[in-house]
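[1] got a predicted structure here, sequence first:
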Amino acid sequence: MSDHDPYVTIDDSDRAFWGDAVADTIETRDPDEPIVIKGGVSPSGVPHIGHLNEIVRGYVVAEVLRDRGHEVRQVFTADDRDRLRKVPRQLADLEWNVVGLGEVDAGALGRNLGKPYTSIPDPFGCCGSYGAHFTNLLARSAELLGIPIEVVSNTELYAGGEFEDVTRHVLSNRGRAREILADYQASVDEGYVPFQAECRSCGVLTDGIVDVDPEAGTVAYECRDVTVGDETIEGCGHEGEVTLREGKLPWRFEWPAQWSVLDVDFEPFGKDHAEGSWPSGVAIAEGIFDVEPPVPMVYEWFTLNGDALSSSSGNVITAAEVLSMLEPAVLRYFFVKDPRKQRDFDVAHLDQLVDEFDRFEAVYFDEIEASDEERERAESAYPTVVDDLRAERVRIPYTFAAVLGMTDDPDLREEIARREGHIPDDAPEWAIEEALARVESAREWARRTDNEFNYDLKREEIPAVDFDADTEAALDELADFVAEGQDGEAIQGRIYELAESHDLDVGDFFAAGYRLLFDLEEGPKLGPFLAKLDREFVVDRLRRER
RNA sequence: GGGCCGGUAGCUCAGUCAGGCAGAGCGUCUGGCUUUUAACCAGACGGUCAUGGGUUCAAUUCCCAUCCGGCCCGCCA
């Protein structure tokens, strides 16, 4: 079975970039074109960045293969005929507004446990079903990242008949199917039938199969209780018959069936599948469907801010939220890193991720020193994270962008960025525009994490202040000094002098300044900051006039 | 209980496949700016490579055991 160890695809390669390792393995198989790359997830609730592994890991490999001249199809199966097992705590509308269950009809959802996602009404009423709603959000996540995928609904594969032959084939060979699966699952017994029927009476997917006639294409069932985790969903007891299109294969068979029907050449999957579904899937693909399993790749799971991603506990972050704080290219870059490592998506330290990306980019353009290893990785990985390779692009360091975010005047932002040397004189217009777009992202990051960059210049209205006479006198003198057009360092020095000459504590005097500008006790280095704001405003504000 | 993956500086991570002086960025500290607050420049500090054994001239790297985080053997990125 070592031939199908899903870890060796990357482990056994000497490539610096895992995407090359996978692409090499795929090429070794000499697959027909277009090469098919698949991912898939149950549309069970709000999609988070963990789910994006199923899309972005495949995309990275697709891009490497395309760079090598191959034609590639990236399909994504919405495994939407799976059962709703539990009611999620949170949902999201199509605009990514996360809402608690109380805001929708939770009772209605609770009554749908055990039914396929696509048989449950959309709680928001905007899509054809619960499944369609969350598949829609998954598709939108891909779109936000600029990744083209073909979304395939499992439900449609069954209902439309594309899955009928494989389903019949499994049922015709159910004895053998049972034997193979029993090697991997202790619970498989003599009476096991690899099919779940959608009860005509209550709609629950039942395992209570009493008879099958593959040739006629019918399955007789009795709607028994279904055990899902530690919950039991009551069956209604109805006895009836369905066609092969009105139910589904259990996951262990459905996955290899997808490989067969969709002709899958490569599929990345989470570590949860590495030792369960994957080996049994390989055996079923070879022993039942007589197809070669795809090239496998295991990815480790992410944590978010140090804790497990968990829909039920609410520790999730969506693509939309992430992309409010950084560019799509940076998020893609996160997925270009080694899939074998457990990785934390740390919102508090997003600046480090962005800095790392900037460096990665600079290595690609040969602008900084780097090891051969780093260079080799950037060479083939960078083109998968950006759409256009443009050496003239401009990147303002993320934390500096956060500083610029303290003011919302776009011209001032650009002026400061230029003065500090973060925008070259000959930078093209598009590059400046994109560079300054990062300011909005960094601002949002500062706001969300409420970190040391979260200063909000109170430009519109002066904060409520109450200074003593000495402080007021010193502020007036500082205003006069600023009015003369002094530079930042001079203003900084003057602040000290004024504090001393008016017998004020230096710290208190600085705090007065921060209070006037930000309604806070501390802030960025005051002199240079004052020098960078428009002078009239600063002078008026120091005089407490507006 | 059996098995699989991960653990490298305060933080985020390279490096381990193929054994050969322990790496980067950020943070911290120091100095520069004639005077506490850096978004600038220069420099320094920082590690028992989770722990303990073993193999080897040499181990972060290979082997064994243990600890920690997570996963699989029931469903689920």
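    Noted; the coordinates are in hand.
[2] how about the residues of the stretch 1-150 of chain A by RNA strand B?
    A:7, A:11-14, A:16, A:40-42, A:44, A:50-51, A:53-54, A:79, A:82, A:85 (C-beta under 7 Å from any atom of the strand). (C-beta placed from N, C-alpha, C; glycine too.)
[3] now the buried members of those.
    Buried residues within these, counting neighbours by 16 or more other C-beta atoms under 10 Å: A:13, A:16, A:40-42, A:44, A:50-51, A:53-54, A:79, A:82.
[4] and the two most separated of these?
    The most widely separated members of these, counting by C-beta to C-beta, are A:A16 and A:D82 (37.9 Å).
[5] is it true that A:V22 touches A:I10?
    Yes: with contact defined as C-beta atoms under 8 Å, A:V22 counts as touching A:I10 (6.9 Å).
[6] for chain A, which spans come out with low pLDDT?
    A:1-3, A:106, A:229-230, A:521-524, A:528, A:532 (pLDDT under 70).
[7] one step back: from the buried ones among the residues of the stretch 1-150 of chain A next to RNA strand B, which land in strands?
    The strands, defined by DSSP state E, take in A:40-41 from these.
[8] would you mind listing what in the stretch 201-350 of chain A touches RNA strand B?
    A:228-229, A:250-252, A:269-277, A:300-302, A:306, A:308-309, A:337-338, A:340-344, A:346, A:349.
[9] contacts only, for the residue of the stretch 101-250 of chain A found nearest RNA strand B.
    Using C-beta to the nearest atom of the strand, A:Q185 is the residue of the stretch 101-250 of chain A that sits closest to RNA strand B, at 3.1 Å. For A:Q185, the contact set (C-beta atoms under 8 Å, 6 or more residues apart in numbering) comprises A:252, A:280.
[10] pull up the gap between it and A:P279, please.
    11 Å (C-beta to C-beta, to the nearest Å).
[11] ditto for A:E54
    20 Å.
[12] what of A:R174?
    Per C-beta to C-beta, A:R174 is found 20 Å from A:P279.
[13] just A:Q90 next, same as before
    Relative to A:P279, and taking C-beta to C-beta, A:Q90 is found at 34 Å.
[14] so for the biggest helix by length in chain A, what gets flagged as buried?
    Longest helix in chain A by number of residues, with DSSP state H as the criterion: helix A:429-449. Residues of helix A:429-449 classed as buried by neighbour count (16+ other C-beta under 10 Å): A:431-432, A:434-436, A:438-447, A:449.
[15] C-terminal to it, what's the next element?
    Next along the chain after helix A:429-449, taking DSSP states H and E as the criterion, comes helix A:469-483.
[16] which parts of the next helix or strand after that following helix are buried?
    Counting by DSSP H and E, the next helix or strand C-terminal to helix A:469-483 is helix A:488-501. Residues of helix A:488-501 classed as buried by neighbour count (16+ other C-beta under 10 Å): A:488, A:491-492, A:494-495, A:498-499.
[17] can you list those residues in JSON lines and add distance to RNA strand B?
    Shown next, in JSON lines, are the buried residues of helix A:488-501 (distance: C-beta to the nearest atom of the strand, whole Å):
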{"residue": "A:G488", "distance to RNA strand B": "8"}
{"residue": "A:I491", "distance to RNA strand B": "9"}
{"residue": "A:Q492", "distance to RNA strand B": "7"}
{"residue": "A:R494", "distance to RNA strand B": "6"}
{"residue": "A:I495", "distance to RNA strand B": "7"}
{"residue": "A:L498", "distance to RNA strand B": "10"}
{"residue": "A:A499", "distance to RNA strand B": "8"}
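[18] quick one: buried residues of stretch A:475-491?
    Applying 16+ other C-beta under 10 Å to stretch A:475-491 flags A:475, A:477-479, A:481-482, A:486, A:488, A:491 as buried.
[19] brain fart, stretch A:90-110
    Quick answer for stretch A:90-110 (16+ other C-beta under 10 Å): A:90-92, A:96, A:101, A:104, A:106, A:109.
[20] the residue lying closest to A:S501 once chain neighbours are set aside: neighbour count?
    Of all residues not flanking A:S501 in the chain, A:A474 sits nearest, at 7.7 Å (C-beta to C-beta, 6 or more residues apart in numbering). Other residues near A:A474 number 25, with proximity taken as other C-beta atoms under 10 Å.
[21] repeat for A:A320
    A:A320, neighbours per other C-beta under 10 Å, totals 17.
[22] surely it meets A:E143?
    No: contact between A:A320 and A:E143 fails when scored by C-beta under 8 Å: they sit 10.5 Å apart.
[23] what sits against A:V261?
    A:157, A:162-163, A:166.
[24] still on that earlier bit, which ones among the residues of the stretch 1-150 of chain A next to RNA strand B lie within helices?
    A:11, A:53-54.
[25] any chance of those residues in a markdown table, with distance to A:E461 too?
    Shown next, in a markdown table, are these (distance: C-beta to C-beta, whole Å):
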| residue | distance to A:E461 |
| --- | --- |
| A:D11 | 60 |
| A:N53 | 46 |
| A:E54 | 48 |
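[26] ok, so of those, who is nearest A:C202?
    Of those, the one sitting nearest to A:C202 (C-beta to C-beta) turns out to be A:E54, at 31.1 Å.
[27] which ones are touching the closest one?
    A:E54 neighbours (C-beta under 8 Å, 6+ apart): A:39-41, A:76, A:268-269.
[28] over to A:L520?
    A:455, A:514.
[29] now do the SS call for it.
    The three-state label given to A:L520 by DSSP: H, G, I helix; E, B strand; the rest coil is coil.
[30] where's it relative to RNA strand B, distance?
    10 Å (C-beta to the nearest atom of the strand, to the nearest Å).
[31] number of nearby residues for the spatially closest residue to A:D105 that is not a sequence neighbour?
    Leaving out its chain neighbours, the residue that sits closest to A:D105 by C-beta to C-beta, 6+ apart is A:P123, at 6.2 Å. Other residues lying near A:P123 total 21 when counted by other C-beta under 10 Å.
[32] on the three-state scheme, A:P123 is what?
    A:P123 ends up coil, using three-state DSSP.
[33] over to the one 5 residues further on?
    Of the three states, A:G128 takes coil under three-state DSSP.
[34] apart from its chain neighbours, what residue comes closest to it?
    That would be A:D122: by C-beta to C-beta, 6+ apart, it lies 6.9 Å from A:G128.
[35] so that neighbour touches A:F134, yeah?
    No: contact between A:D122 and A:F134 fails when scored by C-beta under 8 Å: they sit 9.1 Å apart.
[36] have a look at those two and say which one is more surrounded.
    Comparing A:D122 with A:F134 by other C-beta under 10 Å, the one with more neighbours is A:F134, at 26 against 18.
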